[in-house]
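> could you work out the structure for the sequence below:
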Amino acid sequence: MKKIFLIMLLVCTVLSCNNLKSEEKLPDDLKIYQDSGIEETIKYLEKMGRTDPQNKAYYTAKMGYYYIEEKDYEKAEAVLNKALEINPNEGYAYNELGYLQSIQGKTDLALKTYVKGSEKDPGMGGNFYGAGAIYSDMGEYDKAEKNFEKAIALYTKAEAKDKADKAARMLYFTYLDKGERDKARKFLNDSVSKGLAQGYFYSQLANFYYEEKNFDEALKYNLKGLKADPDEAENYFGAGVNYYYKRDNKQALKYLEKVVPMYQKNQSLDYLGDAYAYLYKINIEEGNKEKADEIEAAAGQELGKENWEKKKF
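Next up is the predicted model:
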């Protein structure tokens with residue numbers, strides 16, 4: 001069974017990692033940015049810095065975030081350095097500066113910034129996460145592991161669930177990259193018991209059972225994952241495949257048909273091809289040639305005929 005190894009950004013900035021589901025939850029500065037643009041946002045943050053001088057460095061660093069959003073990297077760097085002049089211990093400024101450096105390809109400098117930020121403000125998870133991501137990319141997995149563990153603990157303490165989930169996924173990938181599959185599997189079980197990344201982690205536990213051809217257990221974990229997170233596409237795919245190998249084609253079709261629009265929406269063409277391949281095979285086995293032809297036509301159009309031919313089995 002395929003595994004989805006999400007490619008994460010080197011750092012989750014404070015605003016971009018928030019799951020902003022309603023207008024009421026939008027921070028004032030973000031709402032101003034969305035409604036009125038960068039100039040009004042900067043004016044607002046400057047005013048906040050004057051009104052609340054103890055947190056002026058933080059508001060100045062937030063300006064850096066918005067300049068990064070505008071891709072005005074020169075101004076972003078200037079205001080972030082200014083924030084650190086105001087308060088050399090402002091963790092958010094290090095976090096944004098590290099991110100800016102990383103997207104400019106200055107990886108070594110970004111790592112130094114994240115490490116310094118984690119030392120200056122050890123209560124902020126973002127710099128540990130950023131350092132962990134770079135260490136992981138460098139193959140320094142022990143250092144990555146320690147930083148991700150710290151990030152998870154801080155995000156959990158701050159009740160920042162989305163960020164804790166992202167850090168937990170990165171730690172899981174680190175164990176796999178180290179070749180520590182048993183440790184990775186134990187981590188999955190421990191994490192779901194703590195409520196971390198349950199939808200995705202249940203799908204990964206299902207994958208372990210699938211590889212052992214224990215389709216009953218694999219399916220059980222896919223269904224648990226769907227209950228925990230109905231938006232996790234991997235569990236729909238996994239459930240469909242496991243039902244197929246349990247010879248329940250009706251249920252297999254039900255779950256695989258549900259995952260197709262999810263992969264289409266996310267533009268996950270590789271995974272979409274896998275789903276189409278199973279749908280095509282099941283319909284052929286069931287004698288539904290007309291439906292199989294429809295699937296093949298759609299797959300050929302969306303994937304390209306050459307890629308579709310590689311996916312069919």
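> pLDDT below threshold where in the protein?
Residues of the chain meeting the criterion pLDDT under 70: 1-26.
> which parts of it are strands?
For the chain, none of the segments meets the definition of strands by DSSP state E.
> quick check, residue 278 in contact with residue 240.
Yes: taking contacts as C-beta atoms under 8 Å, residue 278 lies within contact range of residue 240: 6.4 Å. Where C-beta positions appear, they are placed from N, C-alpha and C, glycine not excepted.
> how many neighbours does the spatially closest residue to residue 206 that is not a sequence neighbour have?
Leaving aside its chain neighbours, residue 206 sits nearest to residue 221 (3.9 Å; criterion: C-beta to C-beta, 6 or more residues apart in numbering). Around residue 221 there are 25 other residues, counting by other C-beta atoms under 10 Å.
> mind listing what residue 221 touches?
Residue 221 sits next to 202-203, 205-206, 209 when contact means C-beta atoms under 8 Å, 6 or more residues apart in numbering.
> which of the residues you listed fall in helices?
202-203, 205-206, 209 (DSSP state H).
> save these as TSV, and put in neighbour count and distance to residue 299 too.
Written out in TSV, the entries for the ones in helices among the contacts of residue 221 read as follows (neighbours: other C-beta atoms under 10 Å; distance: C-beta to C-beta, whole Å):
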residue	neighbour count	distance to residue 299
202	27	28
203	29	23
205	21	29
206	29	25
209	20	28
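> now, among the residues you listed, which is nearest to residue 304?
Minimum separation from residue 304 among those (C-beta to C-beta) is found for residue 203, which lies at 27.3 Å.
> what about the helices in the stretch 1-150 of the chain?
Counting by DSSP state H, counting those that start in this stretch, one finds helices in the stretch 1-150 of the chain at the ranges 28-36, 38-51, 56-69, 73-86, 91-103, 107-120, 125-138, 141-157.
> now those as TSV including mean neighbour count and distance to residue 293?
Compiled in TSV, the helices of the stretch 1-150 of the chain are given as follows (neighbours: other C-beta atoms under 10 Å; distance: least, C-beta to C-beta, whole Å):
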stretch	mean neighbour count	distance to residue 293
helix 28-36	16	46
helix 38-51	16	52
helix 56-69	24	46
helix 73-86	18	51
helix 91-103	26	45
helix 107-120	20	49
helix 125-138	26	44
helix 141-157	20	47
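> let me have the ones you listed in JSON lines, extended by distance to residue 187.
What follows is the helices of the stretch 1-150 of the chain, written out as JSON lines (distance: least, C-beta to C-beta, whole Å):
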{"stretch": "helix 28-36", "distance to residue 187": "34"}
{"stretch": "helix 38-51", "distance to residue 187": "40"}
{"stretch": "helix 56-69", "distance to residue 187": "32"}
{"stretch": "helix 73-86", "distance to residue 187": "34"}
{"stretch": "helix 91-103", "distance to residue 187": "25"}
{"stretch": "helix 107-120", "distance to residue 187": "22"}
{"stretch": "helix 125-138", "distance to residue 187": "15"}
{"stretch": "helix 141-157", "distance to residue 187": "10"}
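> if we can go back for a sec, could I get the contacts of residue 221 as TSV with distance to residue 127?
Output for those, formatted as TSV (distance: C-beta to C-beta, whole Å):
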residue	distance to residue 127
202	30
203	29
205	30
206	34
209	37
